[in-house]
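>>> sequence unknown, structure follows:
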């Protein structure tokens, strides 16, 4: 992206400079007037280049911040999925432990009933 921006900026600078120079050289004016116009044109061109550079810099900053935000969102999503998997694992383990406890209790009750019947 930076390469495209620098190419655009270079093209604007060269095109603007060539246009100003050709326009001034073909205008029927004195040397002093021509120099003043060249200076004015150069100043305008530099101001325009500065504005475009600042705009490109701002677009780059916004793109960078958006990328950081997306990375943060992806990291957060990964953490949430990891926690969800951990909770699922814990709940599965808890269900197994509960079932084992119920099975032991059932066997104990059955053994107690059998012992009672035998006496």
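Great, that's in hand. Because the structure is predicted, anything quoted here is derived from the model rather than measured.
>>> check contacts around residue 91.
For residue 91, the contact set (CB atoms under 8 Å, 6 or more residues apart in numbering) is empty. C-beta coordinates here come from the backbone N, C-alpha and C atoms, glycine included.
>>> and the gap between it and residue 85?
11 Å (CB to CB, to the nearest Å).
>>> Ok, residue 63 next?
Counting by CB to CB - residue 63 and residue 85 are separated by 33 Å.
>>> What helix or strand is the residue nearest the centre of the chain located in?
Geometric centre of the chain, nearest residue: residue 67, 1.1 Å, by CA atoms, centre = their mean. Element membership for residue 67, per DSSP states H and E: helix 31-118.
>>> what is the mean pLDDT for that helix?
Averaging pLDDT along helix 31-118 yields 80.
>>> The chain should start at 31 in everything you say after this.
Okay, using 31 as the starting number, the last item reads as helix 61-148.
>>> Off-centre distance for it?
Distance of helix 61-148 from the chain centroid (CA atoms, centre = their mean, to the nearest Å) equals 11 Å.
>>> same check, this time on stretch 42-56
For stretch 42-56, the distance to the chain centre is 39 Å (CA atoms, centre = their mean).
>>> Over to stretch 37-46?
For stretch 37-46, the distance to the chain centre is 29 Å (CA atoms, centre = their mean).
>>> now what about that stretch, what contacts it?
Outside stretch 37-46, the residues touching it (CB under 8 Å, 6+ apart) are 75, 78, 79, 82, 83, 86.
>>> Between those residues, which sits nearest residue 134?
Distances from residue 134 to these, taken as CB to CB, are shortest for residue 86 (71.9 Å).
>>> give the contact list for the closest one.
Contacts of residue 86 (CB under 8 Å, 6+ apart): 35, 38, 39.
>>> roughly how far apart are it and residue 72?
21 Å.
>>> Could you do residue 119 as well?
70 Å.
>>> which of those two has more neighbours?
residue 72 (14 against 10; other CB atoms under 10 Å).
>>> Next up, the contacts around the more buried one.
With contacts taken as CB under 8 Å, 6+ apart, residue 72 has the following neighbours: 47, 50.
>>> what about it, distance to residue 38?
From residue 72 to residue 38 the distance is 20 Å (CB to CB).
>>> All set now, cheers.
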